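J.: Dropping the sequence and predicted coords here.
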Amino acid sequence: MTFQAERKSEPILQIKNLVKTYPNGTKALKNVSFEVPKGAFLSVIGLSGSGKSTLLRCINRIHEPTAGSIFFEGQDITHINEKHLREVRKNIGMVFQHFNLIDRRSVLNNVLMGRLGQLNDHFLGGIFQKWPEEWIADAHEALKIVGIADKAYVRADGLSGGQKQRVAIARTLVQNPHLLLADEPVASLDPSTSYSVMNYLRDLNQKRNITVVCNLHFLSLVRDYSTHVIALRNGEKVFEGKPTDITEQWFKDIYGADAKEVEIN
Ligand SMILES: Nc1ncnc2c1ncn2[C@@H]1O[C@H](COP(=O)(O)OP(=O)(O)OP(=O)(O)O)[C@@H](O)[C@H]1O
């Protein structure tokens, strides 16, 4: 089954024959193609080293693809210049395993960084911390949504891992992107915090209609949260379907014959 069959509108993201070979010769992605329907919550699964992070980093061009193309909202963004890329990135949010906050800045300032791409070149508010009042109000609101309004003036390095990831989600809320790339967003969190962070991602997806592409290790989370799944093995796409399509045989194909499913609970 392909996602195309059920597509109602144009896909938000089209990946065509994507290849990424690192300078040391590692072939991290081998001719990967798929489409992401608008509004989907797509999980990317596969063993460690299968190419999941590389894929996400190629999509927003943190890494330059070696070959193939990436279409975002119908536009080929594979070779656009830096200026154009900055425009496109306003609509692509990113959440990382290790949160990527600025440790020495306040939580509020970290959230406001989500709007950095919207500052014009002449306005250095982000650097001098003079943000428009309504943006500050939005940032407080976003912190309220993720349940840490009381931490606004705490330094980011004073937070727990789960709280840091909620700040990263609040940063995405104020950015209000069309697409969110989440690279193992719960890999360094305990199980109950993982569920709470995944619930916030689901809210982004369902209540704000932000399409999510999320690398995940635990199939129980994949089943609970995603609408679509692709699996990578050694840089190749080996599965594409719905979470319920992942049979025991598929599981072994993706993770290896000796693999056993581990639940997060
Ligand atoms: N900067 C790099 N330079 C060279 N090789 C790299 C680089 N980054 C990743 N790789 C290699 O590319 C392959 C895919 O790595 P990648 O991090 O994309 O996998 P992954 O599925 O995200 O793994 P994990 O689940 O452990 O994060 C691996 O063989 C990895 O060693």
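T.: Arrived safely, thanks for sending. Numbering: from 1, shown residues only.
J.: For this protein, which segments are assigned as strands?
T.: 11-21, 27-37, 41-45, 67-72, 75-76, 92-96, 179-183, 211-215, 228-233, 236-241 (DSSP state E).
J.: could I get those as TSV with distance to the ligand and mean neighbour count?
T.: For glycine as for every other residue, the C-beta is placed from the backbone atoms N, C-alpha and C. Listed next are those as TSV, based on distance: least, Cβ to the nearest ligand atom, whole Å; neighbours: other Cβ atoms under 10 Å:
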stretch	distance to the ligand	mean neighbour count
strand 11-21	8	20
strand 27-37	4	20
strand 41-45	8	25
strand 67-72	15	18
strand 75-76	23	12
strand 92-96	11	23
strand 179-183	7	24
strand 211-215	6	25
strand 228-233	7	23
strand 236-241	12	17
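J.: Phe239 is in contact with Phe251, isn't it?
T.: No. At 9.5 Å, Phe239 does not count as touching Phe251 under the criterion of Cβ atoms under 8 Å.
J.: In the lengthiest helix in the chain, which residues are buried?
T.: Counting residues, the longest helix found in the chain (DSSP state H) is helix 191-207. The neighbour-count criterion (16 or more other Cβ atoms under 10 Å) identifies Thr193, Ser194, Tyr195, Val197, Met198, Tyr200, Leu201, Leu204, Asn205 as the buried residues of helix 191-207.
J.: How many residues are close by Ser50?
T.: Counted with other Cβ atoms under 10 Å, the neighbours of Ser50 add up to 24.
J.: Report pLDDT for the closest residue to Asp224 other than its chain neighbours.
T.: Excluding the flanking residues, the one nearest Asp224 by Cβ to Cβ, 6 or more residues apart in numbering is Met198, at 7.2 Å. In this model, Met198 is scored at 94, pLDDT.
J.: Run through the residues that contact Met198.
T.: Contacts for Met198 (Cβ atoms under 8 Å, 6 or more residues apart in numbering) come out as Pro185, Val186, Leu221, Asp224, Tyr225.
J.: my read: Leu204 touches Val212, true?
T.: Yes. Counting by Cβ under 8 Å, Val212 is a contact partner of Leu204 at 6.8 Å.
J.: Now for these two: what residues contact both?
T.: Contacts common to Leu204 and Val212, judged by Cβ under 8 Å, 6+ apart, are Leu180.
J.: Next, format the buried residues of helix 191-207 as CSV and append distance to the ligand.
T.: Below are the buried residues of helix 191-207 laid out as CSV (distance: Cβ to the nearest ligand atom, whole Å):
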residue, distance to the ligand
Thr193, 19
Ser194, 15
Tyr195, 20
Val197, 17
Met198, 17
Tyr200, 22
Leu201, 18
Leu204, 22
Asn205, 21
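J.: Write out the residues of the stretch 1-150 of the chain neighbouring the ligand.
T.: Within the stretch 1-150 of the chain, the positions lying close to the ligand (Cβ under 6 Å from any ligand atom) are Tyr22, Asn24, Thr26, Ala28, Gly46, Ser48, Gly49, Ser50, Gly51, Lys52, Ser53, Thr54.
J.: and those, which are buried?
T.: Ala28, Gly46, Ser50, Gly51, Lys52, Ser53, Thr54.
J.: dump the residue contacts of the residue nearest to the third one when sequence neighbours are not counted.
T.: In other words, Ser50. The shortest distance from Ser50 to any non-neighbouring residue, by Cβ to Cβ, 6+ apart, is to Leu232 (4.2 Å). Under the criterion of Cβ under 8 Å, 6+ apart, the contact list for Leu232 reads Leu29, Val32, Val44, Ile45, Gly46, Ser50, Gly51, Lys52, Leu55, Val238.
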